[in-house]
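Asks: predicted structure and sequence below. I'll ask about it afterward.
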Amino acid sequence: MAMADISFTGTSQLLQRRTSVSLYCLNSSFLPQKPAKSSFNFNTEKCFPSMKVVCSVVPSQTQAPTPAPTTTLTPDGKRTDCFGIFCLTYDLKEEEKQKSWKKLIKVAVSGAAGMISNHLLFMIASGEAFGQDQPIALQLLGSERSFGALEGVAMELEDSLYPLLREVSIGVDPYEVFRDAEWALLIGAKPRGPGMERADLLDINGQIFAEQGKALNAVASPNVKVLVVGNPCNTNALICLKNAPKIPPKNFHALTRLDENRAKCQLALKAGVFYDKVSNMTIWGNHSTTQVPDFLNAKIYGRPVKEIITDIKWLEDEFTKMVQTRGGVLIKKWGRSSAASTAVSIVDAIKSLTIPTPEGDWFSSGVYTTGNTYGIADDIVFSMPCRSKGDGDYELVPEILFDESLRARIKKSEDELLAEKRCVAHLIGEGVGYCDLPGDTTLPGEQ
């Protein structure tokens, strides 16, 4: 183990003790070459809530391997963890600081030990989601059962040497993990088991998202942006926002971007073009098999899809069914539900809110319907066309065409979401829940 001088702020006393510090303490980009000492601070908020510790490390000494997670108990007995190098905050010289970087943002992720997160976290850490000038603090939520895997995720993030990734904390209590979060990506949810009714899934996962909504309301940034991925994501997002009255309802999103991406792919294949030529693609409604991929307003090369693809029967029947059932086909081929493409769609959804929408285009997101001008029932979370100035906010797109067929299909998805809302009334403060779901429209990934 390496020898280090430990000095406690507020006293001149120096204590000699044996301690292990991360390999990063010897990185030349952090340590000056000639002075005998370089200072770094333990991240006291996560490692030592009750005291500040400043260490002085002699560069010539051999350093021990990266430490295991630092675990502390808060006064009320809750467990908090930071990991290895991420427990240390370095005092860089002024000339060493990245002047082009933005202020660090805190991103909380639930289900952080799962397959989707195994792709997503590394995309975020690399700068793909929030930009190459945006330093990140990742706050990862798991369960007691998955905590070992969560430590493994943190180890891989540590070993990947992402310069933008400045902090990683791991935990099992949302009231700790969500503290001061500016983005919350809620991925973790219970999968649908054999013989489980959709109503049962709504209730079980609804309780999870009710609790997470309360935690966000209590400790997250008051303007936190929340993206719900765990299924059934529309109604889970509604439950979450209803339990977080301090956070604007407009800040909550249900992920339907993967459905949009799938729809663009199928239109591009049919038209024989690359998928970046497809724009203005809307997914209306629920993230279920009642979802409505809108080919009436979509464009290819800036022209209405129906001018490029003249096979209307294909558009009305095969195209819609392919988008709705794409996940099931993937499971049959792959043996498991989509993870990588879901992670990509989460990144796309984030970028749609942090980068201005191209002129004349829009994107799909499940958002709160109250005040919409499309005639869709208020007080549900429904996927609709949105555009953003890149400030994290969005507006609904006014110039949308509707025909009788599109409205009828939208109404079917609306009715389903209203039925789901009645089913979880007890979780949103609207009395006793009762389920009269019109049918089982579960997407394959929920099973």
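Replies: Alright, I've got the coordinates. Numbers count the residues shown, from 1 in each chain.
Asks: which residues does residue 110 bridge with?
Replies: residue 141, residue 186 (DSSP bridges).
Asks: hang on, isn't it packed against residue 181?
Replies: No - Residue 110 lies out of contact with residue 181 (Cβ atoms under 8 Å); the separation is 10.5 Å. (Glycine included, C-beta is placed from N, CA and C.)
Asks: endpoint to endpoint, stretch 386-400 covers what distance?
Replies: Start and end residues of stretch 386-400 are separated by 11 Å (Cα to Cα, to the nearest Å).
Asks: list the buried ones in that stretch?
Replies: Residues of stretch 386-400 classed as buried: 386-388, 394, 396-397, 400 (neighbour count, 16 or more other Cβ atoms under 10 Å).
Asks: again, but for stretch 340-354
Replies: 341-354.
Asks: could you list every helix and strand that the biggest helix by length in the chain packs against?
Replies: Longest helix in the chain by number of residues (criterion: DSSP state H): helix 198-219. Applying 3 or more Cβ pairs under 8 Å, 6 or more residues apart in numbering; DSSP states H and E, one finds that helix 198-219 contacts helix 174-177, strand 183-186, helix 233-242, helix 404-423.
Asks: tell me the first helix or strand C-terminal of it.
Replies: strand 225-228 (DSSP states H and E).
Asks: okay, now the unreliable bits of the stretch 301-447 of the chain?
Replies: Applying pLDDT under 70 to the stretch 301-447 of the chain flags the ranges 440-447.
Asks: would you state the helices of it in chain order?
Replies: Counting by DSSP state H, counting those that start in this stretch, one finds helices in the stretch 301-447 of the chain at the ranges 305-308, 312-313, 320-334, 340-354, 404-423.
Asks: any idea which of those helices is most buried?
Replies: helix 340-354 (a mean of 20; mean count of other Cβ atoms under 10 Å).
Asks: output the contacting helices and strands for it.
Replies: Against helix 340-354 (3+ Cβ pairs under 8 Å, 6+ apart) you get helix 115-125, strand 225-228, helix 257-271, strand 363-368.
Asks: could you check how far residue 354 is from residue 171?
Replies: 26 Å (Cβ to Cβ, to the nearest Å).
Asks: one step back: so can I have TSV of the helices and strands packed on helix 340-354 showing distance to residue 157 and mean neighbour count?
Replies: Output for those, formatted as TSV (distance: least, Cβ to Cβ, whole Å; neighbours: other Cβ atoms under 10 Å):
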stretch	distance to residue 157	mean neighbour count
helix 115-125	6	22
strand 225-228	20	26
helix 257-271	24	22
strand 363-368	27	26
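Asks: roughly how far apart are the closest residue to residue 338 other than its chain neighbours and residue 275?
Replies: The shortest distance from residue 338 to any non-neighbouring residue, by Cβ to Cβ, 6 or more residues apart in numbering, is to residue 330 (5.5 Å). Computed as Cβ to Cβ, the residue 330 to residue 275 distance reads 17 Å.
Asks: residue 364 now?
Replies: 15 Å.
Asks: give the contact list for the spatially most central residue of the chain.
Replies: Central residue of the chain (Cα atoms, centre = their mean): residue 185, 2.4 Å from the mean position. Counting by Cβ atoms under 8 Å, 6 or more residues apart in numbering, residue 185 touches 107-110, 120, 227, 229, 346.
Asks: nearest to residue 242, of those?
Replies: Among the contacts of residue 185, residue 227 lies closest to residue 242 (Cβ to Cβ), at 16.7 Å.
Asks: list the beta-bridge partners for the closest one.
Replies: Bridge pairing for residue 227 - DSSP bridges - gives residue 185, residue 253.
Asks: got it, and residue 282?
Replies: Applying DSSP bridges, one finds that residue 282 bridges with residue 294.
Asks: and it, how many residues sit next to it?
Replies: 26 (other Cβ atoms under 10 Å).
Asks: again with residue 103
Replies: 7.
Asks: shaky segments in the stretch 1-150 of the chain?
Replies: 1-81, 83, 85, 88-99.
Asks: quick one: residue 332 from residue 242, how far?
Replies: 36 Å.
Asks: contacts for stretch 410-424, please.
Replies: Contacts for stretch 410-424 (Cβ under 8 Å, 6+ apart): 199, 202-203, 206, 232, 234-235, 238-239, 284-286, 288, 290-292, 374, 376-377, 379-382, 428, 430, 433-438, 441.
Asks: and the pLDDT at the residue nearest to the centre of the chain?
Replies: Looking at residue 185, its pLDDT is 98.
Asks: and it, how close does it get to residue 434?
Replies: 32 Å.
Asks: same thing with residue 101?
Replies: For residue 101 relative to residue 434 (Cβ to Cβ), the value is 52 Å.
Asks: out of those two, which sits in the more crowded spot?
Replies: residue 101 (15 against 11).
Asks: list the contacts of the more buried one.
Replies: Counting by Cβ under 8 Å, 6+ apart, residue 101 has contacts 133-135, 164.
Asks: list the contacts of residue 264.
Replies: 275, 278, 281.
Asks: dump those residues into TSV; add distance to residue 369 as well.
Replies: Formatted as TSV, these follow (distance: Cβ to Cβ, whole Å):
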residue	distance to residue 369
275	29
278	26
281	20
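Asks: highest neighbour count among those residues?
Replies: Highest count within the contacts of residue 264 by other Cβ under 10 Å belongs to residue 281, 26 neighbours.
Asks: show me the contacts for that residue.
Replies: 260, 263-264, 267, 293-294, 298, 364.
Asks: and the furthest pair within those?
Replies: 267 and 364 (13.8 Å).
Asks: who touches the spatially closest residue to residue 119 that is not a sequence neighbour in this structure?
Replies: Excluding the flanking residues, the one nearest residue 119 by Cβ to Cβ, 6+ apart is residue 343, at 3.7 Å. Residue 343 is in contact with 116-117, 119-120, 123, counting by Cβ under 8 Å, 6+ apart.
Asks: how near is residue 343 to residue 366?
Replies: Residue 343 is 18 Å from residue 366, by Cβ to Cβ.
Asks: which SS class is residue 148?
Replies: Residue 148 carries the three-state label helix when classified by DSSP: H, G, I helix; E, B strand; the rest coil.
Asks: what about it, neighbour count?
Replies: 10.
Asks: redo the contacts of residue 343 as JSON lines? Include distance to residue 82.
Replies: Listed next are these as JSON lines, based on distance: Cβ to Cβ, whole Å:
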{"residue": "116", "distance to residue 82": "23"}
{"residue": "117", "distance to residue 82": "18"}
{"residue": "119", "distance to residue 82": "23"}
{"residue": "120", "distance to residue 82": "20"}
{"residue": "123", "distance to residue 82": "22"}
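Asks: among those residues, which one lies nearest to residue 407?
Replies: Nearest member of the contacts of residue 343 to residue 407, counting by Cβ to Cβ, is residue 116, at 33.5 Å.
Asks: residues contacting the closest one?
Replies: 187, 229, 339, 342-343, 346.
Asks: how far away is it from residue 104?
Replies: 24 Å.
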